[in-house]
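> The following comprises the amino acid sequence and a computationally predicted model.
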Amino acid sequence: MNDLYFRLQKIGFRVNSAQKKSKEYVDIEKTIVDALYEVDNDSRLLSLVLSWVEIHGLHLVADKLIKYYQQGIEYRGDCPWVIALAARMMDMKDHRFKKLLIPFKSEVWIGGIPQKTAHKMDGGVEYLESLNIKTPKGHLRIRHEDILSKEQLIKLNPQYANRFRYGANWRSEIITVIERGFDTPYRIAKELNISPSRVTLVFNEYKLIA
């Protein structure tokens, strides 16, 4: 978990981690999805991620997050908390994650433990109820002070900064990988797990101005 909290620090979460250094590249979408898979073990992560989303969610690359999540379902299983993120984005009028919003057949509770008394007293989080995700309002603590501002994260994280330069899209991701030192379309495509044909045009255009 120390590794996860270290990675969360690198994408703008104000959390503590005993780990101070790592050579591993920290990717925004992968870290968000990995954190949501840990919600059942650490319920605080749901509040933290949804707090992050309120500030930075519009700068997620939706196709990339969805692709990473769906490719991992086979060995990790479904994650209702990724769906909760998609529901919050939809609630914020961002429709890019709409394809993930399929209701669960059975009730979903954090950690698989029903909190029916709290749910009855506090009510459920409205944008999750239609998906059969049962989260009492009192169990969700949205705190912007737990998250770096846009200005702070731009200075900390080059991947995030590029999304203000080029948009929250694959073009931005390709350029970020080029700037990390990947020097051929094939290597870039392999790193991003996309086809080389999607990389070549951006690669050639970037080289004209580099």
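In hand now; what should we look at? Residues are numbered from 1 along each chain as shown.
> Only C-alpha atoms from now on, for both contacts and neighbour counts.
OK.
> how many neighbours does the residue lying closest to residue 12 once chain neighbours are set aside have?
Sequence neighbours aside, residue 148 is the residue nearest to residue 12 in space, at 5.0 Å (criterion: CA to CA, 6 or more residues apart in numbering). Look at residue 148: counted by other CA atoms under 10 Å, it has 19 neighbours.
> State the phi and psi torsions of residue 148.
Main-chain torsions, residue 148, degrees, to the nearest 10: phi -70, psi 150.
> contacting residues for it?
12, 13, 14 (CA atoms under 8 Å, 6 or more residues apart in numbering).
> isn't residue 32 right up against residue 48?
No. Using CA atoms under 8 Å, residue 32 is not in contact with residue 48; the gap is 10.2 Å.
> what is in contact with these two at once?
Contacts common to residue 32 and residue 48, judged by CA under 8 Å, 6+ apart, are absent.
> which intervals of this protein have sub-threshold pLDDT?
1-2 (pLDDT under 70).
> From residue 42, how far off is the residue nearest to residue 12?
21 Å (CA to CA, to the nearest Å).
> for this structure, what spans make up the helices?
Under the criterion DSSP state H, the chain carries helices at the ranges 2-10, 28-37, 44-56, 62-76, 80-91, 116-122, 126-129, 150-156, 158-166, 170-179, 185-192, 196-209.
> quick one, which of these is packed in tightest?
helix 80-91 (a mean of 22; mean count of other CA atoms under 10 Å).
> Quick one: distance of that one to the chain centre.
Centre-to-centre, helix 80-91 and its host chain are 10 Å apart (CA atoms, centre = their mean, to the nearest Å).
> rewinding a little: between the helices of the chain, which one is nearest to residue 20?
Closest to residue 20 of the helices of the chain is helix 2-10 (CA to CA; 7.3 Å).
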